[in-house]
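Visitor: Need coordinates for the below:
(one chain, ligands or ions: 1)
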Amino acid sequence: MDIKICPCCEQGNLYYYQHPKILTKFIFCDECEALWFNQSSISSIPDNNFENFLFQQGITNITEMWADIWLNENWCNNPVYDN
Ligand SMILES: [Zn+2]
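Guide: Presented below is the predicted three-dimensional model:
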């Protein structure tokens with residue numbers, strides 16, 4: 001099974017992620033800022049973008065948040081697969 005390619009940048013792979021500071025599980029692209037809330041809504045128009053979503057969650061330090069994700073060795077354990 002192939003990991004789903006991001007329909008926005010057509011380069012990145014999509015992964016599910018749940019961060020302890022954020023209640024909502026989301027799907028993000030590892031290349032661009034695109035973000036979706038469930039697999040059925042994945043299209044070239046993202047549900048949100050990473051930075052905006054974090055601001056909405058009250059998280060203002062985007063750099064720290066990305067670092068958190070990349071430092072978590074489990075970040076790539078839940079890819080979104082192509083149907
Ligand atoms: Zn992308």
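
Visitor: Export the lowest-mean-pLDDT helix or strand in the chain to PDB, keeping only CA atoms.
Guide: Using mean pLDDT, DSSP states H and E, the weakest-scoring helix or strand in the chain turns out to be helix 62-71, at a mean of 86. Backbone C-alpha positions of helix 62-71 (Å, rounded to 0.1, in the frame of the first residue of the first chain) are rendered in PDB as follows:
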ATOM      1  CA  ILE A  62       4.800  27.000  15.500                       C
ATOM      2  CA  THR A  63       8.500  26.300  15.300                       C
ATOM      3  CA  GLU A  64       8.500  24.500  18.700                       C
ATOM      4  CA  MET A  65       5.400  22.600  17.600                       C
ATOM      5  CA  TRP A  66       7.100  21.300  14.400                       C
ATOM      6  CA  ALA A  67      10.100  20.400  16.400                       C
ATOM      7  CA  ASP A  68       7.900  18.500  18.800                       C
ATOM      8  CA  ILE A  69       6.500  16.500  16.000                       C
ATOM      9  CA  TRP A  70       9.800  15.700  14.300                       C
ATOM     10  CA  LEU A  71      11.400  14.800  17.600                       C
END
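
Visitor: which residues sit against it?
Guide: The set of residues that contact helix 62-71 without belonging to it, under Cβ atoms under 8 Å, 6 or more residues apart in numbering, is 17, 19, 50-51, 54, 59, 75. Where C-beta positions appear, they are placed from N, C-alpha and C, glycine not excepted.

Visitor: Same question for the residue nearest the centre of the chain, what's its three-state structure.
Guide: Averaging the C-alpha coordinates of the chain gives a centre point, and the residue nearest to it by Cα atoms, centre = their mean is Phe28 (1.4 Å). Three-state call for Phe28 (DSSP: H, G, I helix; E, B strand; the rest coil): strand.

Visitor: so what's it bridging to?
Guide: Taking DSSP bridges, one obtains Tyr15, Leu35 as the residues bridged to Phe28.
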